[in-house]
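Q: build the 3D model from these lines:
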Amino acid sequence: MGKSMAKRIIAIAAVAALALSAAGALGACGGAGTGAPATTQAAATSAAAPAEPTAQGAGQEAAGAESGVGGADSAGESGMNPSGVFPLVQEQETFSIMMPPIGTANPDTCWTDEEYEKMTNVHIEWITVPWDGWQDKRSIVFASGDLPDAIAGMDTRNLTATEELMYASQGLILPLNELLEENSVYFAQRLDEYPMTRKLISQDNGEIYSFPYISICFHCNYSQKMFINSQWLENVGLAMPTTTDEFHAALKAFKEQDANGNGDPNDEIPLMAASSGWHADIDGFLMNAFTYYEPESRFAVEGGHLEFTPATDGYREGLRYLNTLYAEGLISPEAFTNTADMNQTLNVANYPHAAIGAYATAYQNFNGDTDIWTQYDIMPPLKGPSGLVTTPDYSLTRDVIRGNFAITNKAKNPALIVRWLDWFYSDEGVLFRRGREGIEWRKAEPGELDFNGNQADIAVLKTPEDDPYYNNVDWSQTIPSINTKEHRESVVAGQDWRDPDISNGTEIQLFKQTIPYAEVARSVDISLPRLTVPEGQISDYSRIETEITDYCKETLVKFITGALSLDTDWDAYKAQLDKYQLQEYVKMSDDAYQSFLSR
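A: Numbering: from 1, shown residues only. Reported below is the predicted structural model:
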C-alpha cells in the first residue's frame with residue numbers, strides 16, 4: 001500500500017471514529033433548521049466510502065501519529081482537524097480569496113459562506129473583481145506580487161495550463177502534490193476514482209498547481225448543438241430535419257412562409273448565430289455533416305496525430321454548404337456580428353411570436369424571461385451528403401475544468417486552505433452546496449423519477465423571491481466542487497420538460513435531446529484535451545496560434561458570404577496558412593498531445 005493511500009485510509013478512519021463519538025452533538029455543524037448536513041452515524045469504515053462531517057470529539061487517536069491529516073498533528077501541533085471534521089480550527093483563522101462574483105449577489109453574505117464559516121471556524125475575506133475586468137486585474141496582481149491567499153475563477157476566467165506553469169515557475173502559486181498528500185481526504189479520493197482527472201490537471205512534470213471544478217455534465221460533453229423552432233416546423237408542415245438537405249428545405253420554408261404565424265411572411269430569420277457565446281458560431285454544428293470539426297482547437301486526431309481541419313477538403317465542402325445558405329438569404333448577415341444579448345432582444349421583440357427559426361448554441365439563450373424557449377427543440381446531428389454524421393465529445397475539456405482555484409505564495413496556512421476546500425469534493429459537501437433542505441431542495445417522494453427513469457434522490461426547489469438568500473445561496477462554479485453523473489442525474493425530472501411548474505425544464509430538455517448526439521459522437525479516446533506546450537515555446541506558440549485563429553475567423557466569413565471564392569481563392573488561402581507557420585503550429589500542438597498521452 002502506498003504512503004498517500006495509507007494516510008487517506010487513516011484519515012478517513014479518524015473521521016468515522018469521530019462521527020461515532022459525536023453523533024447527535026453537532027451544534028452548528030448540522031441539525032434541523034440550519035440546512036447543514038447532520039451526522040447520525042459513521043458513514044465510512046474504509047477508503048472506499050467517504051466519511052460524513054462531524055464535530056470535534058474523542059477518538060482522534062485513531063488517526064495515528066504518521067498522518068498529516070488526522071491524529072495528534074491535526075488537532076494538536078497544527079491546531080487543525082481533518083477535512084470533514086468540524087470545526088477545522090479551534091481559534092478562528094482568516095484567509096483571502098480573489099474571485100469574479102458569479103453565481104452569488106454577494107459572496108460575503110451568501111448562505112454557503114455564512115454557514116460554512118460557522119462549521120469550519122474559518123473566515124474568508126472575499127476580494128471580488130467584475131467579470132469584464134477580471135483578466136486585467138488578475139494580471140496586475142500577479143505582476144505586482146500583491147496577491148491574495150488564493151485565486152478562484154470560473155470557466156474562461158480560470159488559469160490556463162500555460163498560466164499555471166508560468167506563475168509556478170515564478171514561485172507565485174504553490175505546487176499542490178505534497179499538500180494534497182498530507183491534507184486531502186475527499187479530493188484525493190476523487191483522483192483515485194477518476195484517474196483521468198489527475199492526468200487532465202497535471203503538468204507534464206506531474207505537478208498539480210490548481211484545483212478543478214469537476215462537473216460530469218452529459219449535455220455539456222456534446223454541446224455543439226443546433227436549436228430549431230419546432231412550432232415553426234409544424235406551421236410549415238415539415239418534420240424534424242435529419243439531413244443537410246432537409247435542413248436546407250426547412251430554412252427555405254421558414255423564409256418563404258409565415259412560419260411564426262403572426263400574419264407577416266417577411267419577418268422570419270431562418271438561421272442565426274452569434275459572434276460570441278458557447279458554441280454559438282455559425283460553422284460548428286453544420287460543419288460536422290461534412291468533416292469532423294471541433295471549432296475551439298480546429299484540430300482532429302487522425303491516425304494518432306493531429307490534423308488541422310480548416311485546411312482539409314471536407315472543411316471546404318462544409319463552407320460550400322454554408323455559402324449556399326447565405327446566398328439564398330437563409331443565414332442572417334447579423335449572424336457574424338450580433339451578440340447573444342442582441343439576438344435575445346430580437347427574438348422576443350414580437351412575443352409570443354419568435355423571430356428566429358434556428359440557431360446554434362450549447363443551451364438556449366435567446367429567450368429572455370419569456371416562455372419562447374418552449375418553442376425550440378434540439379435538432380439531432382445532421383447526416384451530410386457523404387453519409388457522415390458526427391459531433392465532438394468534449395469530456396476531456398468539460399468534465400474537469402482545470403485552473404479553478406490556486407493557492408498563492410502569500411498563503412500563511414496553505415494546509416488549512418486545502419482542508420477548507422477539500423470537503424466540497426465529498427458527497428455531503430456537494431449536497432451542502434445545493435443549499436437548504438426544504439428551501440433549495442427536498443428529498444424525493446417514493447415514485448418520483450430521475451433523469452434516467454429511476455427513483456430520484458432529491459428534488460430541486462426554487463428559492464422564494466422574498467427569502468433573504470434569494471439569488472445569493474452559493475458561490476456557484478467559482479469555488480470548486482464536484483457534480484458527478486450520479487449527482488446530476490438523480491434529481492427529480494419531470495417527464496414533460498415544457499411544464500411551467502417544474503424548475504429544471506431546460507436541464508431535462510438538454511439531457512433528453514442530447515442522447516442522439518452521444519450516439520454519433522467521436523470516441524473520447526481520440527478527442528482532444530487542452531494542450532500545454534513547454535515553457536520555452538509559449539511565446540512562439542501563442543503568436544502563431546493567434547495569427548492562425550484570426551485568419552481562420554476572417555476567411556470563414558469571407559468564404560460564407562462570397563467575398564472569397566472556394567474555387568479560385570482556396571489555394572491562396574492554404575498558402576497563407578503556411579506563411580503563418582501552420583506546419584510549425586501543428587507540430588508543436590501534436591508534440592503537446594503526445595506528451596499528454598504519455599503522462
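
Q: going forward, measure contacts between C-alpha atoms and count neighbours the same way
A: Will do.

Q: low-confidence bits of this structure, can you list those?
A: The chain contains residues with pLDDT under 70 at 1-78, 103, 366, 368.

Q: scan it for its longest helix.
A: Scanning the chain for the helix with the most residues, using DSSP state H, yields helix 538-561.

Q: okay, buried residues for the helix or strand that that helix is followed by please.
A: The first helix or strand that comes after helix 538-561 along the chain, using DSSP states H and E, is helix 570-579. For helix 570-579, the neighbour count (16 or more other Cα atoms under 10 Å) marks 573, 577 as buried.

Q: tell me what angle helix 570-579 forms with helix 538-561.
A: The directions of helix 570-579 and helix 538-561 differ by 170 degrees, with axes from the mean of the first three to the mean of the last three Cα atoms, to 10 degrees as the criterion.

Q: so which elements touch the helix or strand that helix 570-579 is followed by?
A: Going down the chain from helix 570-579, the next helix or strand is helix 582-597, by DSSP H and E. Packing partners of helix 582-597 (3 or more Cα pairs under 8 Å, 6 or more residues apart in numbering; DSSP states H and E): strand 305-308, helix 538-561.

Q: rewinding a little: so what touches the longest helix of the chain?
A: Residues outside helix 538-561 that contact it (Cα atoms under 8 Å, 6 or more residues apart in numbering): 162, 310, 319-320, 322-324, 326-327, 336, 533, 564-566, 577, 580-582, 585, 588.

Q: and if you look at stretch 239-256?
A: If you take Cα under 8 Å, 6+ apart as the criterion, stretch 239-256 is touched by 230, 232-233, 236, 238, 259, 265-266, 268-271, 289, 325, 330, 357, 379-385.

Q: what about the strands in the stretch 101-250 of the chain?
A: Secondary structure of the stretch 101-250 of the chain (DSSP state E, counting those that start in this stretch): strands at 122-128, 150-152, 211-215, 226-229.

Q: residues contacting the second one, please?
A: It refers to strand 150-152. Taking Cα under 8 Å, 6+ apart as the rule, strand 150-152 contacts 96-100, 158, 404-408, 411, 478-479.

Q: any chance of those in JSON lines, plus neighbour count, secondary structure and distance to residue 214?
A: Converted to JSON lines, the contacts of strand 150-152 look like this (neighbours: other Cα atoms under 10 Å; DSSP: H, G, I helix; E, B strand; the rest coil; distance: Cα to Cα, whole Å):
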{"residue": "96", "neighbour count": "18", "secondary structure": "strand", "distance to residue 214": "23"}
{"residue": "97", "neighbour count": "20", "secondary structure": "strand", "distance to residue 214": "20"}
{"residue": "98", "neighbour count": "21", "secondary structure": "strand", "distance to residue 214": "20"}
{"residue": "99", "neighbour count": "27", "secondary structure": "strand", "distance to residue 214": "18"}
{"residue": "100", "neighbour count": "24", "secondary structure": "coil", "distance to residue 214": "19"}
{"residue": "158", "neighbour count": "23", "secondary structure": "coil", "distance to residue 214": "13"}
{"residue": "404", "neighbour count": "27", "secondary structure": "strand", "distance to residue 214": "10"}
{"residue": "405", "neighbour count": "25", "secondary structure": "strand", "distance to residue 214": "12"}
{"residue": "406", "neighbour count": "25", "secondary structure": "strand", "distance to residue 214": "15"}
{"residue": "407", "neighbour count": "26", "secondary structure": "strand", "distance to residue 214": "18"}
{"residue": "408", "neighbour count": "24", "secondary structure": "strand", "distance to residue 214": "21"}
{"residue": "411", "neighbour count": "18", "secondary structure": "coil", "distance to residue 214": "24"}
{"residue": "478", "neighbour count": "23", "secondary structure": "helix", "distance to residue 214": "12"}
{"residue": "479", "neighbour count": "21", "secondary structure": "coil", "distance to residue 214": "11"}
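
Q: closest one to residue 423 out of these, please.
A: residue 479 (11.8 Å; Cα to Cα).

Q: show me which of the contacts of helix 538-561 are buried.
A: Of the contacts of helix 538-561, these count as buried by 16+ other Cα under 10 Å: 162, 310, 319-320, 322-324, 326, 336, 533, 564, 566, 577, 580-582, 585, 588.

Q: now stretch 498-507: buried residues?
A: Using 16+ other Cα under 10 Å as the test for burial, stretch 498-507 gives 498, 502, 503, 504, 505, 507.

Q: so which of those residues comes closest to residue 189?
A: Nearest to residue 189 out of the buried residues of stretch 498-507 is residue 507 (Cα to Cα; 28.2 Å).

Q: surely that closest one is in a strand?
A: No - Residue 507: not assigned to a strand; according to DSSP: H, G, I helix; E, B strand; the rest coil it is helix.

Q: enumerate every residue touching it.
A: Counting by Cα under 8 Å, 6+ apart, residue 507 touches no other residue.

Q: I'd like to know how far it sits from residue 364.
A: Counting by Cα to Cα, to the nearest Å, the gap from residue 507 to residue 364 is 10 Å.

Q: what of residue 98?
A: Applying Cα to Cα to residue 98 and residue 364 gives a distance of 30 Å.

Q: and if you look at residue 318?
A: Distance from residue 318 to residue 364, by Cα to Cα: 24 Å.

Q: next one: residue 310
A: Using Cα to Cα, residue 310 is found at 27 Å from residue 364.

Q: over to residue 397?
A: Residue 397 is 21 Å from residue 364, where distance means Cα to Cα.

Q: which non-adjacent residue is nearest residue 394?
A: Take residue 394 and drop its neighbours on the chain: the residue closest to it by Cα to Cα, 6 or more residues apart in numbering is residue 221, 4.4 Å away.

Q: for the one you found, give its distance to residue 395.
A: Distance of residue 221 to residue 395, given as Cα to Cα: 5 Å.

Q: likewise residue 157?
A: On the measure of Cα to Cα, residue 157 and residue 395 end up 19 Å apart.

Q: I figured residue 378 hits residue 227, correct?
A: Yes - look at residue 378 against residue 227 with Cα atoms under 8 Å: they come within range, at 4.4 Å.

Q: compare neighbour counts for those two and give me the winner.
A: Neighbour count, other Cα atoms under 10 Å: between residue 378 and residue 227, residue 378 has more, with 25 against 21.

Q: got the contact list for the more buried one?
A: Applying Cα under 8 Å, 6+ apart, we find residue 378 in contact with 225, 226, 227, 228, 510, 513, 514.

Q: tell me which element it falls in.
A: Taking DSSP H and E as the criterion, residue 378 maps to strand 376-379.

Q: roughly how far is that strand from the heart of the chain?
A: Centroid separation for strand 376-379 versus its chain: 22 Å, with Cα atoms, centre = their mean, to the nearest Å.

Q: repeat that for stretch 228-243.
A: How far stretch 228-243 lies from its chain's middle: 31 Å, per Cα atoms, centre = their mean.

Q: how about stretch 353-367?
A: From the chain centre to the centre of stretch 353-367 is a distance of 21 Å (Cα atoms, centre = their mean).

Q: go on, stretch 426-444?
A: On Cα atoms, centre = their mean, the centre of stretch 426-444 falls 20 Å from the chain's centre.
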